[in-house]
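Student: coords please:
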Amino acid sequence: TIGPGVYRENVLLTKPYTGLVGAGPDETSLDGGAQGSCLKILSTHDIEVSSLTCVNGSALFGGGIRVDDSSGVFFNHLEIINNFALQGGGIRWTRSQGLIHNCLIAQNAVTDFFHPGTGGGIAIQSPGMGLPALTVNNCTIAENEGSYGSGMYFESADSALVSNCIIANNEGGVGIGVSG
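Tutor: Here you go, the predicted structure:
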């Protein structure tokens, strides 16, 4: 459990069965300080992140949160706002399986000066695990910017299941992009 406050850190989770639980998005913030992803979850399993805000992250992939090669990842009651990346301004999800529930993903941006930036809110890459890589439920994905998939970008049509979400007011190109 993380108490109330603003934590200016770039957190890396690689240990399985880890929980990162704040006091609420209005109370607990991870501030990436434009020095990398606020949170990286790499090559692990059974991770819960809830009740906090990820803000001011800046990275090549996953400005707010980057998830690679992981399973059983659960995000609940998060605000992922004002982050920047070349791909996945809010979240970049790669070769991983999990659930994003009851989250706000807003005001994130992607750009690549030579190619269109993909996934202003969320970019989902290389699902490959035989199941949808990601289930996104009861979330608001709004006011993100990107050239392709300004709200969400899917590498393939079967890479995610999206239900009961508001995806609105994303700018700069196709709001939801699917490649493959």
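
Student: Phe154 is in contact with Ile124, isn't it?
Tutor: Yes - judged on Cβ atoms under 8 Å, Phe154 makes contact with Ile124 at a distance of 5.2 Å. (C-beta placed from N, C-alpha, C; glycine too.)

Student: joint contacts of these two?
Tutor: Taking Cβ atoms under 8 Å, 6 or more residues apart in numbering as the contact rule, Phe154 and Ile124 both touch Ala160.

Student: taking the centroid of this structure, which residue is nearest it?
Tutor: Geometric centre of the chain, nearest residue: Ile91, 2.0 Å, by Cα atoms, centre = their mean.

Student: give the bridge partners for that one, please.
Tutor: Beta bridges link Ile91 to Ile65, Ile122, judged by DSSP bridges.

Student: distance of it from Ala133?
Tutor: Separation of Ile91 from Ala133 (Cβ to Cβ, to the nearest Å): 12 Å.

Student: contact partners for the residue nearest to the centre of the chain?
Tutor: 62, 64-67, 80, 100, 105, 119, 121-123.

Student: quick one, which of those residues are buried?
Tutor: 62, 64-67, 80, 100, 105, 119, 121-123 (16 or more other Cβ atoms under 10 Å).

Student: any low-confidence regions in the chain?
Tutor: 112-116, 126-132, 157-158, 174-175, 177-180 (pLDDT under 70).

Student: in it, which spans are helices?
Tutor: Shown for the chain, no helices are assigned by DSSP state H.

Student: give me the phi and psi for Gly64.
Tutor: Per-residue torsions, Gly64: phi -80, psi -60 (degrees, to the nearest 10).
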